[in-house]
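K.L.:
take this sequence and fold it.
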Amino acid sequence: MELSTTITITFSMLFNIILICFLYLCILKIREEKLMVETIKHKNLISAILIHSIYKKNGIEFFTPDHFSQQLGYMSRPKGYKVEPHTHKIVERKVSLTQEVLFVKSGKVRISLYNDDEEFIKDIILEKGDIILLASGGHSLEMLEESELIEVKQGPYCSDEDKVRFTPKK
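P.N.:
Presented below is the predicted three-dimensional model:
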């Protein structure tokens, strides 16, 4: 006994299938982009901005609000693109909070974030190529592997004058 099945796909059905697939791929792309750049907030205050090494976008994008004393941006330009020669004007700025940018050159690092009341917010794992701006509150670092970090912050560095060490509150 032989069974045969005939599947009839109308143009309308095919269009709907393609549309559903397209929408699904768009949702995946949006999710991927959100995972590539994370803004960690606590009580509506930005604690950190994390840019994963897989982040990629054409053009230029800044992730920090204009009022931050440390600006963090990304630039991707095609071969041959030129930034015209320029200098930066001397503009006096008032910096009242040190913000750090860490770039993980190699290894794996756990960063623990704390709010201004020294209470734990969350742990973040950074790997090679990840970049984080530590914007507010407190933080600690633990090297999970032998690691190399590049740190950028406002200077000059004043050693212990810049830091308040604390024991996290439960």
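K.L.:
which pLDDT value belongs to Gln154?
P.N.:
The predicted local confidence for Gln154 comes out at a pLDDT of 83.
K.L.:
again but with Ser140, I slipped
P.N.:
Predicted confidence (pLDDT) at Ser140: the value is 96.
K.L.:
gap between the two ends of stretch 130-137?
P.N.:
Between the start and the finish of stretch 130-137 there is a gap of 20 Å, counting by C-alpha to C-alpha, to the nearest Å.
K.L.:
what does stretch 89-97 give?
P.N.:
Terminal residues of stretch 89-97 are spaced 22 Å apart (C-alpha to C-alpha).
K.L.:
average model confidence for that stretch?
P.N.:
Averaged over stretch 89-97, pLDDT sits at 87.
K.L.:
for stretch 116-135, same thing?
P.N.:
Averaging pLDDT residue by residue across stretch 116-135 gives 95.
K.L.:
and it, end to end?
P.N.:
Distance across stretch 116-135, first residue to last, is 11 Å (C-alpha to C-alpha).
K.L.:
how about that stretch: buried residues?
P.N.:
Within stretch 116-135, the residues that qualify as buried by neighbour count (16 or more other C-beta atoms under 10 Å) are Ile121, Ile124, Leu126, Asp130, Ile131, Ile132, Leu133, Leu134, Ala135. To be clear about C-beta, it is placed using only N, CA and C from the backbone, and glycine gets the same treatment.
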